[in-house]
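A.B. asks: sequence first, predicted coordinates after that:
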Amino acid sequence: MNQQQKKKATALVAVERLRNPQMILALKGVLPAGLSVERFVAIAAAEIKSQALSKVEDVNSILLGVFHSAKLGLSLNPHMGEAYLIPFSCKVQKQDPANGQIVTKKEITAQFIPGYKGLIRLARNAGMRDIQPVVVHERDSFDYHEDETGFHFTLKVCPEMNRGKVICVITRATLEDGTISVKPTWIDKLEKVKAAALIKTRNTGPWTTHPEEMMAKTGIRGHCKTLPQSDALATAIRADEMVEEGAPADNTIPSELDGIIDADYQIVNDTGDMSKKPEVSMPVQKQGPSEAQKPKAVRGRPKQTKPGAATEPQRTQNEGQSAIALAGTVDGPRPDGWSDELRDLFSMAGIDDPAGWLFAEYSTVEGGIEAIPANLRDVVKRHLESILEDGSAGA
């Protein structure tokens, strides 16, 4: 097993363990009232199978990140911006199987970090009326000063596309009693936090893809530390700071997960061999017909099949694997896990009848997820993602 296959296997094990009934019960026990555990698990599974988390080497870190997100009541849906699982190269404390001693080593792990919208939600839950960030650019009309009555600022955003470089983030909090609190975070502090994060993420992650959102979160986090906090808000702030500081990831298994997450699970060598308890059966995908054997669909004419080509539906029945599409209905290779990803997106969007929805939206697709032609896969995926962004399954 090569390095890429090893990491893919880690994600498959993590998703299988996430869907374990005991794990689902544990998540249900810590999720705040009103949040659906089924929807939360579907979103988390889709995120685990994402390209970013394919780099992660430690199953425990993925499941612990999901658990921490559930306990705080923050969604891992990347479109909501409340919480993320980010691959970090950091020091991890683990037990050496050779001598039983605790050792610290570098490893790519998944670390839970709250997004700025997640901090806003937790601040509101803590009793704050609101807290909002404003990213100020050098071409904006901006004034900030302090006098005996407190902090004051005015801002008029530059109407042009190029607003210049960021100079600070201003956060404005309205407390429970109506008091207004204003705090600036200047660019030197923001750049220091960014530089530290990029070292840990190897120049990847949200600081490279969404830098202004991360600047906004840094401002909110610093401001919240000066205001009354709940336990949940303080926990989220500390988790974010630990990532920034490069502190060793905390692999302590919470009592709620005793016997569910295996504390001894680890990847032990470069061949991809894994030691784990309990034993997890890995899905084995059967080989379908080769490209040369696949019958080609031609509009307006009967399908032409080469002698000896497979014509019957090819399906796998392994647990955790979706059926391979009917032979002849899809022209083009299928990426691994593509139908599972779409099935999770349907679940996240609240669409209970994917086959009916597909036929209603794309009349040429009959037969459900497995019958989606290759040229429509990305279209359907983007359509479902837009539904999630809009928050309406009827879009």
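C.D. replies: Cool, got the structure.
A.B. asks: so residue 32 lies in a strand, does it not?
C.D. replies: No - checked against DSSP: H, G, I helix; E, B strand; the rest coil, residue 32 lies outside a strand; its state is coil.
A.B. asks: do you know how far it is from residue 67?
C.D. replies: Separation of residue 32 from residue 67 (C-beta to C-beta, to the nearest Å) stands at 14 Å. Where you see a C-beta, it was placed from the backbone N, CA and C, and this is true even at glycine.
A.B. asks: what of residue 16?
C.D. replies: 16 Å.
A.B. asks: repeat for residue 52
C.D. replies: For residue 52, the distance to residue 67 equals 19 Å [C-beta to C-beta].
A.B. asks: who has more neighbours, these two?
C.D. replies: residue 67 (23 against 19; other C-beta atoms under 10 Å).
A.B. asks: my guess is that one meets residue 255, correct?
C.D. replies: No - the pair residue 67 / residue 255 is not scored as a contact, 11.4 Å apart, by C-beta atoms under 8 Å.
A.B. asks: the helices in the stretch 101-250 of the chain, which residues?
C.D. replies: 116-125, 187-200, 206-209, 211-224, 231-245 (DSSP state H, counting those that start in this stretch).
A.B. asks: need the ones you listed in TSV with mean neighbour count, can you?
C.D. replies: Output for the helices of the stretch 101-250 of the chain, formatted as TSV (neighbours: other C-beta atoms under 10 Å):
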stretch	mean neighbour count
helix 116-125	22
helix 187-200	16
helix 206-209	16
helix 211-224	22
helix 231-245	18
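A.B. asks: can you list the ones you listed in JSON lines and add mean pLDDT?
C.D. replies: Putting the helices of the stretch 101-250 of the chain into JSON lines (pLDDT from 0 to 100) gives the following:
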{"stretch": "helix 116-125", "mean pLDDT": "94"}
{"stretch": "helix 187-200", "mean pLDDT": "87"}
{"stretch": "helix 206-209", "mean pLDDT": "84"}
{"stretch": "helix 211-224", "mean pLDDT": "93"}
{"stretch": "helix 231-245", "mean pLDDT": "86"}
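A.B. asks: compare those helices and give me the one nearest residue 347.
C.D. replies: helix 116-125 (21.7 Å; C-beta to C-beta).
A.B. asks: by contact count, what packs against the helix or strand containing residue 356?
C.D. replies: Using DSSP states H and E, residue 356 falls within helix 354-361. With contacts taken as 3 or more C-beta pairs under 8 Å, 6 or more residues apart in numbering; DSSP states H and E, helix 354-361 sits against helix 338-348.
A.B. asks: pull the residues that contact the helix it packs on.
C.D. replies: 38-39, 42-43, 45-46, 49, 77, 321-323, 325, 354, 357, 369-370, 372, 377, 380-381, 384-385, 388 (C-beta atoms under 8 Å, 6 or more residues apart in numbering).
A.B. asks: how about a cut-off of 7 Å?
C.D. replies: Contacts with helix 338-348, where a contact means C-beta atoms under 7 Å, 6 or more residues apart in numbering, come from 39, 42-43, 45-46, 49, 77, 322, 354, 369-370, 377, 380-381, 384-385, 388.
A.B. asks: and the buried ones among those, selectable in ChimeraX?
C.D. replies: In ChimeraX, a selection of the buried entries from the contacts of helix 338-348 looks like this (16 or more other C-beta atoms under 10 Å):
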select :42,43,45,46,49,77,322,354,369,370,377,380,384,388
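A.B. asks: leaving out the residues flanking it, which one is nearest to residue 28?
C.D. replies: Excluding the flanking residues, the one nearest residue 28 by C-beta to C-beta, 6 or more residues apart in numbering is residue 37, at 4.2 Å.
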